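*Asks:* Mind looking at a prediction? Sequence and model below.
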Amino acid sequence: MTQVTARPYPYELDPGHTALVVIDMQRDFIEPGGFGDSLGNDVARLAAIIPATAGLIGLFRRHGWPVIHTREAHKPDLSDCPPSKIRRGNPSLHIGESGAMGRLLVAGEPGNQIVEALAPIEGEIVVDKPGKGMFWATGLHERLQAMGITHLVFAGVTTEVCVQTSMREANDRGYECLLVEDATESYFPQFKASAIEMIVAQGGIVGWVTPLRELEASFG
Ligand code: C5J
């Protein structure tokens, strides 16, 4: 175990049993013309965390620790997308409709790919998830169990939606969860701040939070 300075108190990272999960760093959320944009969000906010997220991925790769990338993605026939999700909001384009980067949130479309700077490399797991949480209809828990993973480090977007949902679901499944605060972002700064406070409140009811520099201080 290696101690990482974190809130609400030091996080004990178990190097042989830890994986990084990078949530939904997709063009659909981060670039103009995608799903996030269709909902009226300022997507430029999210692009700002690409360097810190790249640094975090680099740290895990240097140590040979597993890196998992998720994508919010639906099958081309949308059979895994509830009608309620398609209807929700008042978007300029709905899930499955064609935008500047192809069909929104549909697997295989250009907009559904992870941004080039964070692209997965051979051997890394890429999980297409139809929900906000990373365990719903993905089989990921079983894969992590088979790998002997007990600790998960989280990054990605958006903090209060897919990251927080995934982290809460992981916490319920018994994983020790750490969120890297400068490698996650929201379209709404106040929601990022609130999500972080919810995670660390009550003695870390969902897990721990730390900046990338503290992980680098512990592991170089
Ligand atoms: C959203 C996500 N916000 N990846 N997805 O719809 O957080």
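*Replies:* Great, that's in hand.

*Asks:* Only C-alpha atoms from now on, for both contacts and neighbour counts.
*Replies:* Noted.

*Asks:* mean confidence for stretch 181-201?
*Replies:* Taken as a whole, stretch 181-201 carries a mean pLDDT of 98.

*Asks:* Repeat that for stretch 83-98.
*Replies:* Averaged over stretch 83-98, pLDDT sits at 90.

*Asks:* how about the worst-scoring helix or strand of the chain on mean pLDDT against the ligand, any contact?
*Replies:* Counting by mean pLDDT, DSSP states H and E, the weakest-scoring helix or strand in the chain turns out to be helix 35-38, with a mean of 92. No - no part of helix 35-38 sits near the ligand under the criterion C-alpha under 6 Å from any ligand atom; the closest distance found is 7.2 Å.

*Asks:* Check which helices and strands that helix is in contact with.
*Replies:* helix 27-30 (3 or more C-alpha pairs under 8 Å, 6 or more residues apart in numbering; DSSP states H and E).

*Asks:* Secondary structure element for Ala182, which one?
*Replies:* Check again: residue 182 is Asp, not Ala. Counting by DSSP states H and E, the element that carries Asp182 is strand 176-185.

*Asks:* So which residues of this protein form strands?
*Replies:* Under the criterion DSSP state E, strands of the chain are mapped to 2-4, 11-13, 18-23, 67-72, 98-99, 102-103, 125-129, 151-157, 176-185, 208-210.

*Asks:* what's the closest of those to Phe219?
*Replies:* When the strands of the chain are compared by C-alpha to C-alpha, strand 2-4 sits nearest Phe219, at 8.7 Å.

*Asks:* still on that earlier bit, right, and the strands of the chain - which one's nearest Arg88?
*Replies:* strand 67-72 (15.8 Å).

*Asks:* where does this structure come near the ligand, residue by residue?
*Replies:* Those residues of the chain that sit near the ligand, judged by C-alpha under 6 Å from any ligand atom, are 24, 132, 157-158, 161-162.
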